[in-house]
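Q: return a 3D structure for these sequence lines:
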Amino acid sequence: MKLLYCPKCQDLFKLRMHPHTCICGNVKGAYKADGDHAWHNGRGALFGIMNTHFQPLIESSLHSQTIEMFKIDSNSPKVEIIYDKPRIRTKESIQNEQDLGPIDITNGSLRRSAT
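A: Next up, the predicted model:
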């Protein structure tokens, strides 16, 4: 599993087959058609977790365990960096994209309002 981190808004999200952006719109990425290789816009850090690590955690009776995560280097053959112009996301654009209800902007960060 590949995870993309935005240093600007500190959002960490799982890559999907379709392009996905962080909360602030600074970082964007997705898996390529083969489901193994990925691309991102170069403004975040890409991390990986071995999918095989999840099943032992699920089957374990221990309440807390550690899982290994590793940084995927930008020159990895499994990653392509596609540079693009940063997209500024606003309260209105996020609501139009997702239509998930009102958004609260507090201290410069975007959050879903509890309604």
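Q: average pLDDT across stretch 35-44?
A: Average pLDDT, stretch 35-44: 93.
Q: how far off centre is that stretch?
A: 10 Å (Cα atoms, centre = their mean, to the nearest Å).
Q: how many neighbours does residue 29 have?
A: For residue 29, the count of nearby residues is 26 (other Cβ atoms under 10 Å). All C-beta atoms are positioned from the backbone trio N, CA, C, and that covers glycine.
Q: contacts for the helix or strand where it lies next, please.
A: Using DSSP states H and E, residue 29 sits within strand 28-31. By Cβ atoms under 8 Å, 6 or more residues apart in numbering, the residues outside strand 28-31 that reach it are 2, 4, 15-22, 37-41, 44, 46, 84, 87.
Q: which of those residues are buried?
A: 2, 4, 15, 20, 21, 22, 38, 39, 40, 41, 44, 46 (16 or more other Cβ atoms under 10 Å).
Q: didn't the fifth one look like it was pressed against residue 40?
A: So that's residue 21. No - proximity of residue 21 to residue 40 does not meet the contact threshold set by Cβ atoms under 8 Å, at 10.3 Å.
Q: centre-most residue in the protein?
A: The residue lying closest to the centre of the chain (Cα atoms, centre = their mean) is residue 13, at 2.4 Å.
Q: thinking again about what came up before, where's the strand holding residue 29 relative to the chain centroid, distance-wise?
A: With Cα atoms, centre = their mean as the basis, the mean position of strand 28-31 lies at 8 Å from the chain mean.
Q: can you check stretch 30-38 too?
A: Chain-centre distance of stretch 30-38: 14 Å, with Cα atoms, centre = their mean.
Q: also stretch 47-62?
A: Using Cα atoms, centre = their mean, the distance from the centre of stretch 47-62 to the centre of the chain it belongs to is 19 Å.
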